[in-house]
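Trainee: Below: sequence and its predicted model.
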Amino acid sequence: LSRHGSSAGKRGPSHPHPSPETQGSGAPAALMGGGASKSKAAKAKAEEDARILAEEAKAKVAEAELKALNDALKEKQAEKEKAEADAKALDEAAKAAAQAAASGSAHSSSAAAGSSSSPDDAGKAAPEVVTAAEVVAESPASAPRAIVMLFGPPGSGKGTQAPKVVEKVGAPQLSTGDMLRAAVAEGTEVGMQAKAVMDAGGLVSDEIVCGIIRERVAKPDCAKGFVLDGFPRTVEQAKALDELLAKSNEAVTKILAFDVPSEILEERVCGRWIHKASGRSYHVKFSPPQSMKLLDDGTPDLETMLDDATNEPLVQREDDTAEALKSRLDKYYAQTTPVLEHYQSKGIVSHINADQAPDKVWADTEPHL
């Protein structure tokens with residue numbers, strides 16, 4: 001018994017030895033968890049890299065398309081300029097040939113008339129011979145086109161005077177927005193170039209805008225000239241326009257700047273209300289709706305601002321507030337003042353006092369056209 005007890009004491013408590021399977025069972029689980037995390041991270045990185053590559057590829061395609069459109073535009077412009085030069089040369093040659101032929105014909109007719117005259121023809125005047133050269137010489141030279149610009153801050157009444165200017169000049173009013181939309185709708189080369197830039201989220205360059213203007217002013221309705229409204233907005237655009245016009249030996253002929261004090265502009269702009277469905281416009285001071293009633297502080301009761309025709313509520317535009325107007329005026333003067341200074345030395349800028357009745361504004365404007 002002592003031997004067994006001693007042996008048992010030496011052996012100590014009996015504990016089962018862990019098996020290799022049990023001993024290593026925790027490690028593989030931990031490794032598997034870490035591997036899954038790394039796999040997800042790698043997959044996410046691969047997807048992000050693929051997205052970036054796709055965007056870069058898309059940007060390169062758009063850039064290539066834009067470059068191709070630019071190249072095509074320049075090529076077409078060069079072809080057009082060459083065709084115009086060739087046509088001009090042919091026209092001058094034809095006129096010279098016609099003049100020479102007409103002159104020779106006139107001399108021959110005079111000689112024939114003198115040799116074949118009889119006593120019966122004495123005292124009779126020879127029939128008048130009108131040559132092509134004389135017709136050209138007697139034709140009045142084509143007047144240079146009237147190229148007019150309109151400038152005026154929001155609320156200056158420029159929109160009221162513009163139709164009268166258009167009628168007086170006999171030329172259409174052109175705005176860059178309208179021309180841009182028309183060029184895109186017509187699918188012209190410059191229009192498609194502008195569309196590609198806008199679809200890519202970019203801003204249309206001055207070069208493209210001038211290209212659109214060049215296409216538009218070549219149309220028959222601009223034979224007497226055109227009235228630009230809202231362009232140029234910067235000195236850079238003004239210089240680009242000057243270069244464009246110089247190619248046809250033309251230049252801006254008149255700039256009308258409608259001036260109104262800022263405090264008057266605030267009264268005009270912030271008092272405007274419109275009927276959104278029809279576009280009918282009202283003003284709390286100059287043209288109030290019939291339903292308008294004033295509160296004790298002199299401001300209109302908003303519930304009484306109703307359209308005369310439909311009795312529907314009137315609204316104010318978001319930018320017809322004092323805060324919005326100040327921002328618009330700051331931007332307008334910052335852009336416009338340098339442009340007017342650019343043309344001032346040419347003696348073509350006329351400042352019109354627009355702080356008066358519309359008829360009086362027109363009476364002051366008309367003599368400048």
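Mentor: Arrived safely. Numbers count the residues shown, from 1 in each chain.

Trainee: next structured bit after the helix or strand where D330 lies?
Mentor: D330 is located in helix 322-344, with elements delineated by DSSP states H and E. Downstream of helix 322-344, the first helix or strand assigned by DSSP H and E is strand 349-353.

Trainee: Paired strands for that following strand, with orientation please.
Mentor: Strand 349-353 has the following strand partners under DSSP bridges: strand 254-259 (parallel).

Trainee: Show me the contact partners of the strand it pairs with.
Mentor: Here strand 254-259 makes contact (Cβ atoms under 8 Å, 6 or more residues apart in numbering) with 146-153, 156-158, 161, 165, 336, 340, 343, 348-355, 361, 365, 368-369. Yep, even glycine has a C-beta here, placed from its N, CA and C like the rest.

Trainee: Stretch 213-231 now?
Mentor: For stretch 213-231, contacts defined as Cβ under 8 Å, 6+ apart pick out 143, 145-150, 158, 162, 165-166, 169-177, 179, 182-183, 188, 190, 209, 237, 241, 244, 253.

Trainee: Just the terminal-to-terminal distance for it.
Mentor: End-to-end distance of stretch 213-231 (Cα to Cα, to the nearest Å): 10 Å.

Trainee: again with stretch 314-323
Mentor: Termini of stretch 314-323 sit 21 Å apart (Cα to Cα).

Trainee: For that stretch, give the mean pLDDT please.
Mentor: Averaged across stretch 314-323, pLDDT comes to 91.

Trainee: If we go by neighbour counts, what in it is buried?
Mentor: Neighbour-count burial for stretch 314-323 flags 314, 320 (criterion: 16 or more other Cβ atoms under 10 Å).

Trainee: what about the stretch 251-369 of the chain, any weak spots by pLDDT?
Mentor: Scanning the stretch 251-369 of the chain for pLDDT under 70 picks out no residues.

Trainee: same question, the stretch 101-250 of the chain
Mentor: 101-142.

Trainee: re the thing from before, give me the buried entries from the contacts of stretch 213-231.
Mentor: Listed as buried from those are 145-150, 158, 162, 165-166, 169, 171-174, 176, 179, 183, 188, 190, 209, 237, 241, 253; burial here means 16+ other Cβ under 10 Å.

Trainee: Regarding L245, which helix or strand does it belong to?
Mentor: helix 235-246.

Trainee: residues near A309, how many?
Mentor: 11 (other Cβ atoms under 10 Å).

Trainee: Quick check: phi and psi at it.
Mentor: Main-chain dihedrals, A309, degrees, to the nearest 10: phi -80, psi -40.

Trainee: Which of the contacts of stretch 213-231 fall within strands?
Mentor: Among these, the members found in strands (DSSP state E) are 146-150, 173-175.

Trainee: okay, now A196: neighbour count?
Mentor: 18.

Trainee: May I have the predicted confidence score for A97?
Mentor: 52.
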